[in-house]
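> Generate a structure from the sequence data that follows.
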Amino acid sequence: MRRQLAAEAFGTFALVFAGTGAIIINGISGGTVTHVGIALTFGLVVLALIYALGDVSGAHLNPAVTIGFWAARRFPGRQVLPYLLAQCAGALLASAVLKLLFSQHATLGATLPVGWPFHSFILEFILTMLLMFVILSVSTGAKEKGLMAGVAVGGVIGLEAMFAGPICGASMNPARSLAPAAFSLHFEHLWIYLTAPVLGALLAVGACRVIQAPGCCTAREACS
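Predicted coordinates for the structure are as follows:
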């Protein structure tokens, strides 16, 4: 269990450090990273971490994903809270490091909606639903591992960040949004990014049971 929690904390640290770091560096360098570069950064870091950590912790790296695996009966309830705490700790540490490096940056890569907040809520809900559906479809039990998992999950994250990022930030991850908000003090729309991804992940479990039944969410795969 210690190795699993360490892997989740390390992986979420890497995700937030690379992803929000790309946002920060893009801002202070006059847009040299570009929006496409930011989207690719998020997708590629998740792809790499799935291959690096999938056999250890499952490479959830996302509280919504952990809750989704639990709702799908693939992950034991007693491990949900420790996973969530490890993920948030890793994300907060990443934002703390970025705060030290780029203290002048106003948002530290926080996810902030453009336009009507409800639009961002719906986008985050649907984006996470699609992401969780793909994860459930390509993972083994509660572990994102194997040849296709990294490519599929990283690809979906990059794709969704590419087209939806300019409006909602395409977080799909409560820990990724919580950490920069905590250090930049941008809490005004944090509720969107804490609730919509979890609700979207839960809906994905139901969709997976209907579309992929019986192989997608079954007790025989639980906690493998």
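
> show me where the chain has helices.
Using DSSP state H, the helices found in the chain span residues 2-28, 34-53, 63-71, 80-101, 117-138, 147-168, 174-184, 190-212.

> wait, what's in contact with the closest residue to Leu40 other than its chain neighbours?
The spatial neighbour of Leu40 that comes closest, neighbours along the chain excluded (Cβ to Cβ, 6 or more residues apart in numbering), is Gly158 at 5.5 Å. Bear in mind the C-beta positions are built from the backbone N, C-alpha and C, glycine included. Gly158 makes contact with 39-40, 42-44 under the criterion Cβ atoms under 8 Å, 6 or more residues apart in numbering.

> mind redoing it with 7 Å?
39-40, 42-43 (Cβ atoms under 7 Å, 6 or more residues apart in numbering).

> what stretches of this protein score poorly on pLDDT?
The model of the chain has pLDDT under 70 over residues 142, 145-146, 213-224.

> Find the residue at the geometric middle of the protein.
Nearest to the mean C-alpha position of the chain, counting by Cα atoms, centre = their mean, stands Asn173 at 3.7 Å.

> Could you check how many residues crowd around the nearest residue in space to it that is not next to it in sequence?
Sequence neighbours aside, Asn62 is the residue nearest to Asn173 in space, at 4.4 Å (criterion: Cβ to Cβ, 6+ apart). Around Asn62 there are 31 other residues, counting by other Cβ atoms under 10 Å.

> Out of the helices of the chain, which is closest to Leu108?
Ranking those by proximity to Leu108 (Cβ to Cβ) places helix 174-184 first, at 4.2 Å.
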